[in-house]
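> Predicted model follows, preceded by the sequence.
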Number of protein chains: 2
Amino acid sequence: MSEPDRFPEPLLRDRTEALLTQAGARPDDARDTTRALLYASRIGVDSHGVRLAPGYAELLRSGGFNASPNYALRHTAPAAAMLDADNGLGHPASFKAMNAAVDLARETGIAAVGVHHSSHFGAAGAYAVAAAEQGMIGLVSTNSDAAVCLFGGAVPFHGTNPIAMAAPVPDTNPWLLDMATSSIPFNRVKLYRSLNQALPAGVAVDANGHPTQDQHAAAFLQPLGGKDYGFKGAALAGVVTILSAVITGATPDPEMVPTDATRNANTPQNVGHFFIAINPDHFVGRTAYETAITHYLALLRNSPATDPAHPVMAPGDREWKEAAERMKHGIPVDPDTMQALGLK
Amino acid sequence: MSEPDRFPEPLLRDRTEALLTQAGARPDDARDTTRALLYASRIGVDSHGVRLAPGYAELLRSGGFNASPNYALRHTAPAAAMLDADNGLGHPASFKAMNAAVDLARETGIAAVGVHHSSHFGAAGAYAVAAAEQGMIGLVSTNSDAAVCLFGGAVPFHGTNPIAMAAPVPDTNPWLLDMATSSIPFNRVKLYRSLNQALPAGVAVDANGHPTQDQHAAAFLQPLGGKDYGFKGAALAGVVTILSAVITGATPDPEMVPTDATRNANTPQNVGHFFIAINPDHFVGRTAYETAITHYLALLRNSPATDPAHPVMAPGDREWKEAAERMKHGIPVDPDTMQALGLK
């Protein structure tokens, strides 16, 4: 494969916003959505990056997303709120919800905002980082359509149900976790297919729910922990479903309409998300927190590795390194997305 | 091996409370500690059950635990508090902290209490269930002394750092997750040694940090996810350390004095815990929550299994089944613990 073409972030931002507004999104919604997509593109998570924009544009045109949603935030208690995303794009709803949680947590110490009637929100980490940029620890979850079997299950039940957390670190990028509760996303199976390589053990099952390493037979995913400890990954997926859907009034994963470009105004997904902001000021205090997180990360990064050529990394280190690289050399874009963005 | 002797819960409760009070614990602290230990014994988690009482008694006598702690709860914000456990038993501190979070969340929707200067608190699930019994979703984490390597790490860094969550379900036991962020606890390695069986792949490493299935060479643990996806388990352990220690002022895992019975008043561990209570009333609302959690669990338990003889289970199903069994037939106790409790 030849090296993909690379583009500067401002150009990709302009083109992505234009694509979304031309498809009917309001300018501020297009801006928020592009912010989330570029976050993923910047840190190297291309599966959740600008390549998603053409599909979103199609759904905006078909009515699969409501292009003029009323994102209604309703404060329900001093540290809680609900946001009805009105079947619009999930990204603007998610920034609004996380910002509302951050605003509440400034006074209350911790706060949460549940979102329902939403849609795919891209990379969960985008919203966790948005909280960290405002000095808060951000926790994010979303449910999604069924793709992962239960432990011992024969059919897909939970979505890949990611959990993200970001914690602010003085003078540098946040500590950052953004993980699916399956071992791999289904995109990765497709990658193994295109490379004609067998899958690792314990990540996928065939159409009958039996574990397989055959990249072509793989029909859906196993929860994190695989054959022996997959009950843990399945339970973590359940944590996500309970927080994101059960307590928000969203659709549970196995009943959700699949995520694809054929949806229309009659088939909303009613995806649910949950956003928590935690304010260190009201626990150990800001100064002590900043000292402690810096100290913890120094301990971690100085901890001996089995292979000295590969030092241990903190969650996020690889992503922020990639972001620095891409800021310098541009963001790689695949040919289909280049075409959709008018870049070739 | 012969079947262990079984005893009714009330007898074990009396004997365990007596053992702790005779070692210097205040009656209410002995009661709370015994409640946590019996919770674990009841659901079949014997590693965290009454067998821990003799070791706690020894630490109370040696000064390893402060027998007369001032458990000081300090409200810091409308939805936040800190509790200084004054190096006392961790269990009373933990019930007090979770109850404080529950009380706050009644009004605020979500609340959190951080605990520092604490000690081993037994099974994390005990406190999550305490929240669920009061109608709240309870989330619990604790850090612990280093036992699990980082992904690619050559030495133990994080503790086994459990995460627990319980969600109330109308008219029955809560949905319940209580998991270490390693695949197995070190106790399990000892079990494989006594059975003279090799370990599963991807759960332990030797003294040099290299993966091993040799139960005798195993020196410490791998994070959940093993050789390929252990970066996820390591990051989850980090979530626990950040919430339990970094934002509470507790000691980070790799600097914590090891958990053993040789500690004294000069070597407090300063363990940290974090307790979150979430009130469904202030999100989707109580009635809708109860309908949704019941529906979700029905979907889950009716989801087809690969082996029809082993239906899929919700997190906690196995534990609550074991509890019903033990309520009927008594709780098994090993010979050493029987002796310490004056049961033989």
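Structure's in. What do you need?
> Now do the residue of chain A positioned farthest from its centre, the pLDDT please.
Distance from the C-alpha centroid of chain A peaks at A:Pro308, with 31.6 Å (Cα atoms, centre = their mean). The model reports A:Pro308 with a pLDDT of 91.
> so where's chain A uncertain?
A:1, A:261 (pLDDT under 70).
> what comes up buried for the biggest helix by length in chain A?
Of all the segments of type helix in chain A, defined by DSSP state H, the longest one is helix A:90-108. Residues of helix A:90-108 classed as buried by neighbour count (16 or more other Cβ atoms under 10 Å in any protein chain shown): A:90-106, A:108. (Glycine included, C-beta is placed from N, CA and C.)
> Which residue would be the closest one in the stretch 101-250 of chain A to chain B?
Nearest residue of the stretch 101-250 of chain A to chain B: A:Gly109, at 2.6 Å (Cβ to the nearest Cβ).
> which residues sit in contact with that residue?
When contacts are counted by Cβ atoms under 8 Å, 6 or more residues apart in numbering or on different chains, A:Gly109 touches A:79, A:278-279, A:281-283, B:76-80, B:111-112.
> can you give me how far the longest helix of chain A is from the chain middle?
Distance, stretch centre to chain centre, for helix A:90-108: 16 Å (Cα atoms, centre = their mean, to the nearest Å).
> roughly how far apart are the closest residue to A:Gly316 other than its chain neighbours and A:Ile293?
The shortest distance from A:Gly316 to any non-neighbouring residue, by Cβ to Cβ, 6 or more residues apart in numbering or on different chains, is to A:Leu176 (3.1 Å). The gap separating A:Leu176 from A:Ile293 is 12 Å, by Cβ to Cβ, to the nearest Å.
> same question, A:Ile110
With Cβ to Cβ as the criterion, A:Ile110 and A:Ile293 are 17 Å apart.
> ok, those two, which is more surrounded?
A:Ile110 (33 against 22; other Cβ atoms under 10 Å in any protein chain shown).
> pretty sure the more buried one is in contact with B:Ile278, am I right?
No: taking contacts as Cβ atoms under 8 Å, A:Ile110 lies outside contact range of B:Ile278: 9.8 Å.
> Quickly list what's touching both of the two.
B:Ile110.
> in stretch A:319-332, what's buried?
A:319-320, A:323, A:326, A:330-332.
> chain center to it, what's the gap?
For stretch A:319-332 - counting by Cα atoms, centre = their mean - the centre lies 19 Å from the chain centre.
> and that stretch, does that touch chain B?
No: Stretch A:319-332 stays clear of chain B (Cβ under 8 Å from any Cβ of the partner chain), getting no nearer than 11.8 Å.
> what residues does that stretch touch?
With contacts defined as Cβ under 8 Å, 6+ apart, stretch A:319-332 is touched by A:3-9, A:12, A:38, A:41-46, A:49-50, A:125, A:173, A:176.
> What's the ChimeraX syntax to select whichever of those residues are buried?
Applied in ChimeraX, the following selects the buried portion of those according to 16+ other Cβ under 10 Å:
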select /A:7,9,12,38,41,42,43,44,45,46,49,50,125,173,176
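> Which ones among the contacts of stretch A:319-332 lie within helices?
Using DSSP H, those in helices are A:9, A:12, A:38, A:41-43, A:125.
> What about A:Gly135, how many residues nearby?
17.
> Next: the one 4 residues further on.
Counted with other Cβ under 10 Å, the neighbours of A:Leu139 add up to 29.
> Over to A:Leu11?
14.
> if I pick it, what's in contact with it?
Here A:Leu11 is in contact with A:Leu343 (Cβ under 8 Å, 6+ apart).
> Same check on A:Thr294?
A:169-170.
> A:Val205 too?
A:149, A:211-212, A:218-222.
> Please repeat the previous calculation with a cut-off of 7 Å.
A:149, A:211-212, A:219-220, A:222 (Cβ atoms under 7 Å, 6 or more residues apart in numbering or on different chains).
> So what does it look like in phi/psi?
phi -130, psi 160 (degrees, to the nearest 10).
> Kindly state the beta-bridge partners for it.
Note on A:Val205: beta-bridge partners by DSSP bridges are A:Pro211, A:Phe220.
> what about it, distance to A:Gly153?
9 Å.
> Please apply the same query to A:Ala237.
11 Å.
> the helices in chain A, which residues?
Under DSSP H, chain A gives helices at A:9-22, A:27-43, A:53-62, A:90-108, A:125-132, A:186-195, A:226-241, A:286-301, A:317-329, A:335-340.
> Need these in TSV (columns: distance to B:Asn161).
What follows is those, written out as TSV (distance: least, Cβ to Cβ, whole Å):
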stretch	distance to B:Asn161
helix A:9-22	37
helix A:27-43	26
helix A:53-62	38
helix A:90-108	24
helix A:125-132	19
helix A:186-195	27
helix A:226-241	13
helix A:286-301	13
helix A:317-329	20
helix A:335-340	40
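> quick one: which of these is nearest A:His273?
helix A:90-108 (5.9 Å; Cβ to Cβ).
> hmm, back to that, which neighbouring elements make contact with the longest helix of chain A?
helix A:27-43, strand A:80-84, strand A:110-118, helix A:125-132, strand A:271-278 (3 or more Cβ pairs under 7 Å, 6 or more residues apart in numbering or on different chains; DSSP states H and E).
> elements contacting the fourth one?
It refers to helix A:125-132. helix A:27-43, helix A:90-108, strand A:137-142, strand A:163-169, strand A:172-179.
> Just the CA atoms from that helix would do, formatted as PDB, please.
Taking Å, rounded to 0.1, in the frame of the first residue of the first chain, the C-alpha atoms of helix A:125-132 are listed here in PDB:
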ATOM      1  CA  GLY A 125     -12.700  10.200  24.400                       C
ATOM      2  CA  ALA A 126     -13.600  13.500  22.700                       C
ATOM      3  CA  TYR A 127     -16.000  14.400  25.500                       C
ATOM      4  CA  ALA A 128     -13.800  13.100  28.400                       C
ATOM      5  CA  VAL A 129     -11.000  15.300  27.100                       C
ATOM      6  CA  ALA A 130     -13.500  18.300  26.900                       C
ATOM      7  CA  ALA A 131     -14.000  17.900  30.600                       C
ATOM      8  CA  ALA A 132     -10.300  17.500  31.300                       C
END
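> List the contacts of that helix.
Here helix A:125-132 has contacts from A:36, A:39-40, A:94-95, A:98, A:102, A:137-140, A:164-168, A:174, A:176, A:178, A:275, A:277, using Cβ under 7 Å, 6+ apart.
> now with 8 Å?
Contacts for helix A:125-132 (Cβ under 8 Å, 6+ apart): A:35-36, A:39-40, A:43, A:45, A:91, A:94-95, A:97-99, A:101-102, A:121, A:137-140, A:164-168, A:174, A:176-178, A:275, A:277, A:319.
> relative to strand A:137-142, how tilted is that helix?
Angle of helix A:125-132 versus strand A:137-142, following axes from the mean of the first three to the mean of the last three Cα atoms, to 10 degrees, is 160 degrees.
> so helix A:125-132 versus helix A:90-108, what angle?
30 degrees.
> buried stuff in helix A:125-132?
Neighbour-count burial for helix A:125-132 [16+ other Cβ under 10 Å]: A:125-132.
> Report the distance from that helix to the chain centre.
Worked out by Cα atoms, centre = their mean, helix A:125-132 lies 10 Å from the chain centre.
> With the first one instead?
Chain-centre distance of helix A:27-43: 12 Å, with Cα atoms, centre = their mean.
> Also stretch A:114-129?
The answer for stretch A:114-129 is 7 Å, by Cα atoms, centre = their mean.
> May I have the distance across that stretch, first residue to last?
End-to-end distance of stretch A:114-129 (Cα to Cα, to the nearest Å): 18 Å.
> ok, A:Ala245 touching A:Pro254?
No: using Cβ under 8 Å, A:Ala245 makes no contact with A:Pro254, being 10.7 Å away.
> for A:Thr251, what are its contacts?
A:245, A:269-272.
> of those residues, closest to B:Leu299?
Of the contacts of A:Thr251, the one sitting nearest to B:Leu299 (Cβ to Cβ) turns out to be A:Ala245, at 11.3 Å.
> Please list all residues in contact with the closest one.
A:116, A:143, A:251-253, A:272, B:292, B:296.
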